[in-house]
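Peer 1: Fold the following, please.
(one chain, ligands or ions: 1)
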Amino acid sequence: MASLTRKNWDSAYAKLKSALKSADPAQAADLDALEKIRLRFLGRKGSLTELLKNLKDLPLKERRELGPQAQARRGALEEKIAARKAQLETQADAAALSESSLDLTLPAFMPARGRLHPLTQTISEMAKILSLMGFSWAEGPLVESEYYNFEALNIPAHHPARDLQDTFYLEDPPLVMRTHTSAVQIRAMESSRPPLRIICPGRVFRNEEVDATHSAVFHQVEGLAVDKNITFADLKGTLDLFLKRLFGPDTRTRFIPSYFPFTEPSAQVDVGCLFCSGSGCSVCKQSGWIEMLGAGVVNPNVFKFVNYDPEAWSGFAFGIGVERVAMLRLGIKDIRDFYENDMRFLSQFDESLI
Ligand code: PHE
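Peer 2: Alright, predicted model coming up:
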């Protein structure tokens, strides 16, 4: 269409209108047919595009009259094409889905979710309770010198307590696998001044015959508080509250005289049997009580090793076996289950159960 007159434009426009009538986008059978319609009218060389381009050759007055008409027609056509396109695409998706063998209503595979080992969960729970009472977490090496494991805890060489603990000895260099985490308490006292409140959770080693309730490798949480005027009453109050938080508010506790070289006086702490409430059952061996902790007031001799003045400071210490707590709380009958890493066992213990 070279330089345009009004008459030419009118006739081209009339032609366009009748062409549009016979090419209704709503009737396009598929996306290809629809694209053909779009190109025919709205493509770079499309008839409506051309018409709009040539509008500039007409006088201003006519441009004002005809321009909006043609623009409106273009807008309407674009809308119709877009609507039909969306419709055809939806139909194509539905057809593809009905042909495919995918069943989107099937449940998805659950991703395998990791969880903490029941012993780790139990340690965290104990640490949480004790941290609310002001104790902070301390760690030390698993392989210890005899000094930290025994001597500084007032267990001199040839003291029978060294045998009581069934120690694993390393020959060269002469070290021991730590038999309790009390060794960490000495290290902690050496490196900071009192007052002090720490717990020492961790793995310990004893040359034990392995059976349903004994393991050569097990875990402890030991605690130590040092301050001015700490007495046995502080120990009693702390452990009574700790055990009630751990096993439930109705838990009964009792303190029986005992012996540890590093505490004086010392106590064994029992809880009223959680299974028979004291009437006697197989778990408590008909006694109504379960042995839970070793504890006591820190022996002044221990303070001398770490240069704490026993006249100025006093303290209490306690140690509790993690496996025993976990077995009681979770109803586990055999300690060996903790170490076999059988997923059928481990997957039963969700954090939420603890
Ligand atoms: N260390 C002792 C043990 O392993 C437990 C204990 C800790 C006892 C602190 C008294 C005070 O058996």
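Peer 1: So which residues on the chain come close to the ligand?
Peer 2: Applying Cβ under 6 Å from any ligand atom, one finds that the chain approaches the ligand through 180, 182, 222, 260, 263, 294, 295, 296, 317, 318, 319. (C-beta placed from N, C-alpha, C; glycine too.)
Peer 1: Any idea how many residues pack against the third one?
Peer 2: Applying other Cβ atoms under 10 Å, we find 24 residues neighbouring residue 222.
Peer 1: what residues are up against it?
Peer 2: 180, 181, 182, 184, 185, 199, 200, 201, 317, 318, 319, 320 (Cβ atoms under 8 Å, 6 or more residues apart in numbering).
Peer 1: likewise residue 130?
Peer 2: With contacts defined as Cβ under 8 Å, 6+ apart, residue 130 is in contact with 199, 221, 223, 242.
Peer 1: for those residues, which one is nearest the ligand?
Peer 2: Sorting the contacts of residue 130 by how near they are to the ligand, with Cβ to the nearest ligand atom, puts residue 223 at the top with 7.6 Å.
Peer 1: pLDDT at that closest one, what is it?
Peer 2: We note a pLDDT of 98 for residue 223 in this prediction.
Peer 1: you'd agree it is up against residue 298?
Peer 2: No. At 11.3 Å, residue 223 and residue 298 do not qualify as touching, with contact defined as Cβ atoms under 8 Å.
Peer 1: Need the residues touching each of the two.
Peer 2: By Cβ under 8 Å, 6+ apart, the residues touching both residue 223 and residue 298 are residue 317.
Peer 1: Now residue 156. Nearest residue, chain neighbours left out?
Peer 2: Distance criterion Cβ to Cβ, 6 or more residues apart in numbering; nearest residue to residue 156, sequence neighbours excluded, is residue 150 at 7.6 Å.
Peer 1: and the gap between that neighbour and residue 74?
Peer 2: 95 Å (Cβ to Cβ, to the nearest Å).
Peer 1: of these two, who's got more company?
Peer 2: When residue 150 and residue 74 are compared on other Cβ under 10 Å, the one with more neighbours turns out to be residue 150, at 25 against 17.
Peer 1: Might one say that that one is in contact with residue 158?
Peer 2: No. The pair formed by residue 150 and residue 158 falls short of the contact definition of Cβ under 8 Å, at 10.5 Å.
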